Each structure stands twice: as structure tokens, then as C-alpha cells.
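[1] Build the 3D model from these lines:
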Amino acid sequence: MAMIRCQLLAPLFLAVLLIAPFIVAVDVKYCDKKEEYDVKVNGVEITPYPIARGEPATFSISANTDKSISGGKLQIEVAYFGWHIHTETHNLCDETSCPVTTGDFVVAHSQVLPGFTPPGSYALTMKMFDGDKHQLTCISFDFDIGFASSVADS
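    Now for the predicted structure:
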């Protein structure tokens, strides 16, 4: 019986070992530690990790709110070794189902980074606003872009 259990668990264990490096939960910091944000962020997962240039990467932000959110926007700023390099804005309802009801929800954004994106350490700051431009949360986290690229270097 123990042998059968080992045979059944071995493929599962192997799958976890192969998949685990491609998903990582990163440490999240609030922009203002003293602020009581309406949206509390529980964590951020990035897949695959490290991010490969020229390949899609998904940022999944697990959050919780006590207030219903009918719409709004996400403002994302990216820094490379401390230098601001990129800002973009997204409609909140394009990144999660709206209206966001009270309780847990996930904001997920996928993006392909250009093949010429330099590898290294990056920092992302995300601010979430409701439809009235009231800031619901502000978080930051670090991530890495690897040296691998699916785009052939010329």
C-alpha cells in the first residue's frame, strides 16, 4: 500500500518542483505605512518568474475591500535600479470584474515585455483609484527580469 502511495505522489511532487520556480509571491509594501487604505493587498504573484523578455508575464494582486467599487483606474509606475522608466494607466474594470463587491478580489494584468528590455532589478508602484479619483490603495514591490529572451538577439 505504501508503495502505491509513493507511486501516486511522486509525479505530483515532481510537478510541484517543476512549476514552483515559475510562480513567485513577492513582498509587498504600502506606499504610506500610516495610511488606512480602503483596499488591503494580501499579496502579489508573478508568473513566470523571473520574467522573460519577449514572453507574457502576469501580475496577480490579491486584495480585499470593505466597500463596493463600481469602477476606477490603476496607475502603474516602473523604476529600473531606482530610475523611473515607465508609467501606464489601466481601467480597473479591464483588470478585474466590476463592480467589485465587498470581500476578496484579484486584479490580474498580463503584458509582454519587449525583447530589448534590459535584465535586472525593477520596482513597481501601483495606485488604485475609484471612479471619483479617490485613492483606494498604493503598493510597491520589486521584481527581476531575467537574462533569457525568446527574441533572437541580432
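
[2] Look at P114 and report its pLDDT.
    Here, the pLDDT recorded for P114 equals 83.

[3] What is the neighbour count of it?
    9 (other CB atoms under 10 Å). Where C-beta positions appear, they are placed from N, C-alpha and C, glycine not excepted.

[4] quick one: it is in a helix?
    No. Counting by DSSP: H, G, I helix; E, B strand; the rest coil, P114 is located in no helix; its state is coil.

[5] Wait, it touches G54, no?
    Yes. Applying CB atoms under 8 Å as the test, P114 and G54 come out as touching, 7.1 Å apart.

[6] What is the end-to-end distance of stretch 87-104?
    Using CA to CA, to the nearest Å, one end of stretch 87-104 lies 27 Å from the other.

[7] Report the mean per-residue pLDDT for it.
    Mean pLDDT, computed over stretch 87-104, is 96.

[8] just stretch 43-51 next, same as before
    Stretch 43-51 carries an average pLDDT of 91.

[9] Equivalent analysis for stretch 146-154, please.
    Per-residue pLDDT values over stretch 146-154 give a mean of 54.

[10] The protein: strands as residue ranges?
    Along the chain, the stretches classed as strands by DSSP state E are 24-26, 29-30, 39-47, 51-53, 56-65, 72-80, 83-91, 103-112, 120-130, 135-149.

[11] Which other helices and strands does the fifth one contact?
    So the one you mean is strand 56-65. If contacts are counted by 3 or more CB pairs under 8 Å, 6 or more residues apart in numbering; DSSP states H and E, strand 56-65 sits against strand 39-47, strand 103-112, strand 135-149.

[12] Minimum distance to G120: which of those has it?
    strand 135-149 (6.4 Å; CB to CB).

[13] other SSEs contacting that closest one?
    By 3+ CB pairs under 8 Å, 6+ apart, strand 135-149 packs against strand 24-26, strand 29-30, strand 39-47, strand 51-53, strand 56-65, strand 120-130.

[14] Give the other helices and strands that the last one contacts.
    In terms of contact count using 3+ CB pairs under 8 Å, 6+ apart, strand 120-130 is assigned the packing partners strand 72-80, strand 135-149.

[15] between the ones you listed, which gets nearest to D104?
    Of the helices and strands packed on strand 120-130, the one closest to D104 (CB to CB) turns out to be strand 135-149, at 14.0 Å.
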